[in-house]
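A.B. asks: Could you look at this predicted model? Sequence included:
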Protein chains: 2
Amino acid sequence: MPKQDAPSTRKGRATRDRIVAAAADLMYLHGVAGTSTPAVRDAAGVSSSQIYHYFADKDDLTRAVIAFQTDANLAFHAPFLARLDSLDALRAWRDVVVDAARQQHGAGGCPLGSLCSELSDDHPWARDALAASFTAWSEAIRAGLAAMTGNGTLPPETDPGQLALALLAAVEGGLLLAQAQHTTDALEAALDTVIAHIRDHAAEPAR
Amino acid sequence: MPKQDAPSTRKGRATRDRIVAAAADLMYLHGVAGTSTPAVRDAAGVSSSQIYHYFADKDDLTRAVIAFQTDANLAFHAPFLARLDSLDALRAWRDVVVDAARQQHGAGGCPLGSLCSELSDDHPWARDALAASFTAWSEAIRAGLAAMTGNGTLPPETDPGQLALALLAAVEGGLLLAQAQHTTDALEAALDTVIAHIRDHAAEPAR
DNA sequence: GTAGGATTGGATCGTCAAATCCATTCCAGG
DNA sequence: CCTGGAATGGATTTGACGATCCAATCCTAC
């Protein structure tokens, strides 16, 4: 039973947000199982009872963290995906993703990907939420690519949905490998390969 | 301090193997943190002391599981990657990967990927081992692709290492998304896109 | 067969995380 | 003001997990 009622007072909302932000941070760094509620309590600067005042249990808090990361992820990528109207714009997005990964030497991987890998099998509610997150993300990419078919950069018979999934998988797989290898090589190779395929398609005239 | 000495007696080796196999299975299903040593004890049909007789601690057992999954993974893919001398052989491998994922509706994801996502950030020894696993895997793919440049299927200027990383990232990302979506759509899209790019490259004559 | 190490069983200990409880303080509306 | 619900602090309970210990049994080498 999730505790869905938002805090009524301003202070309460601030506290709840602080808990979620701290939990999101810790869970990103150490995983959900690796994040204890005492750790969240200390990081957020609250007391134990606060956590259970605003959340039914740890699962409920985790639910909030998933929503938090979903929003953060879309907020981060949306500006670049909104106007994906040229190959250069696509490459610009690629650079942003690669730079972000490089900045932390791949550590952490994708916030959504980590949660997905850890929670999907045992927690259907988490799986559903994350599936929706990924769908929204790939839909944002697809919409961007659709702009390229719309303005003639790509031939009309290209399937933006297929390419969007391929790009998303490239990002997730690339970030996962970056986590182990501490290199963005795989991420770059995966994205560059898909983008090269798109470029080749754009270069050759529609048959 | 790993307990690296293999059991001296036949029975001991069998017990140790049983523990590792049970632990690998549970850790694949529920993650490392989600797998308690009592659970491993029950699944393997041994008593607590057995586990700590053959392994220094849970980390040491996890180390063994990583090695186990690394071997299993290579053993599974090697037959297909060994003779990757044509586009059809590449597509055959793709089908095997996709079928395996489809068979369990994406549940579980990649055994190595799951471990990587959970352990890389907090356990350097695991990260190193998994990085080596992925390197070996991508090297096997690269060697296969190299056969295609060797026999003229692919032009000599193609970079098999780059393509191998792209394929590996496609597999990992695709399996991760399959875990959330319970569909192999993304996996297929990612692999098909990279393979289409390779095909296009093969079709056009070397400049 | 028999000695001695390898292997096994299962009780047990210390620790820590999840969740609960209750008493106290805060604060917005009247 | 002042009052009732919201918010907070922190002690506490309960249970599980990792790890240890020691006694009993098994096997292998001689």
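C.D. replies: Structure's in. What do you need? Residues are numbered from 1 along each chain as shown, chains lettered A, B, ... in the order given.

A.B. asks: buried set for the longest helix along chain A?
C.D. replies: Determined from DSSP state H, the single longest helix within chain A is helix A:124-150. For helix A:124-150, a neighbour-count test (16 or more other Cβ atoms under 10 Å in any protein chain shown) marks A:126-127, A:129-131, A:133-134, A:137-138, A:140-142, A:144-149 as buried. Where you see a C-beta, it was placed from the backbone N, CA and C, and this is true even at glycine.

A.B. asks: just stretch A:39-57 next, same as before
C.D. replies: In stretch A:39-57, counting by 16+ other Cβ under 10 Å, buried: A:40-41, A:43-44, A:46, A:50-51, A:54-55.

A.B. asks: what are the phi and psi values for A:Pro155?
C.D. replies: For A:Pro155, the backbone dihedrals (degrees, to the nearest 10) come out as phi -60, psi 150.

A.B. asks: ok, it - how many residues close by?
C.D. replies: Residues lying near A:Pro155 (other Cβ atoms under 10 Å in any protein chain shown) number 14.

A.B. asks: Settle this for me: A:Ser117 is touching B:Cys110, isn't it.
C.D. replies: No - contact criterion Cβ atoms under 8 Å: A:Ser117 and B:Cys110 do not qualify, at 9.0 Å.

A.B. asks: Tell me the residues that contact both of the two, please.
C.D. replies: Common contacts of A:Ser117 and B:Cys110 (Cβ atoms under 8 Å, 6 or more residues apart in numbering or on different chains): B:Leu176.

A.B. asks: Between these two, which is the more surrounded one?
C.D. replies: With neighbours defined as other Cβ under 10 Å, A:Ser117 and B:Cys110 compare such that A:Ser117 has more, 29 against 26.

A.B. asks: List the residues that contact the more buried one.
C.D. replies: The neighbours of A:Ser117, taking Cβ under 8 Å, 6+ apart as the test, are B:109, B:113-114, B:117-118, B:176, B:179.

A.B. asks: what helix or strand is it on?
C.D. replies: Using DSSP states H and E, A:Ser117 sits in helix A:111-119.

A.B. asks: Can you check what angle separates that helix from helix A:124-150?
C.D. replies: Using axes from the mean of the first three to the mean of the last three Cα atoms, to 10 degrees, one finds that helix A:111-119 and helix A:124-150 are set 140 degrees apart in direction.

A.B. asks: Between the buried residues of stretch A:39-57, which sits nearest A:Trp93?
C.D. replies: Among the buried residues of stretch A:39-57, A:Ala43 lies closest to A:Trp93 (Cβ to Cβ), at 31.9 Å.

A.B. asks: for the residue in chain A that DNA strand D sits nearest to, what are its contacts?
C.D. replies: Closest contact between chain A and DNA strand D, by Cβ to the nearest atom of the strand, is at A:Gly12 (1.9 Å). Taking Cβ under 8 Å, 6+ apart as the contact definition, A:Gly12 lies against A:Tyr54.

A.B. asks: do A:Phe55 as well
C.D. replies: By Cβ under 8 Å, 6+ apart, the neighbours of A:Phe55 are A:3, A:19, A:61, A:64.

A.B. asks: Now with 6 Å, please.
C.D. replies: A:Phe55 makes contact with A:3, A:61, according to Cβ atoms under 6 Å, 6 or more residues apart in numbering or on different chains.

A.B. asks: Got the confidence number for it?
C.D. replies: At A:Phe55, the pLDDT value in this model is 96.

A.B. asks: Then A:Thr9?
C.D. replies: pLDDT recorded at A:Thr9 is 83.

A.B. asks: got it, and the one 4 residues further on?
C.D. replies: We note a pLDDT of 93 for A:Arg13 in this prediction.

A.B. asks: Ok, A:Gly144 next?
C.D. replies: A:Gly144 is assigned 96 on the pLDDT scale.

A.B. asks: What sits closest to it if chain neighbours are left out?
C.D. replies: Distances taken as Cβ to Cβ, 6 or more residues apart in numbering or on different chains put A:Leu84 closest to A:Gly144, at 2.8 Å, once the chain neighbours are dropped.

A.B. asks: With A:Leu61 instead?
C.D. replies: Nearest to A:Leu61 is A:Phe55, by Cβ to Cβ, 6+ apart, at 4.3 Å.

A.B. asks: Same check on A:Ala143?
C.D. replies: Nearest non-adjacent residue to A:Ala143 (Cβ to Cβ, 6+ apart): A:Leu81, at 7.2 Å.
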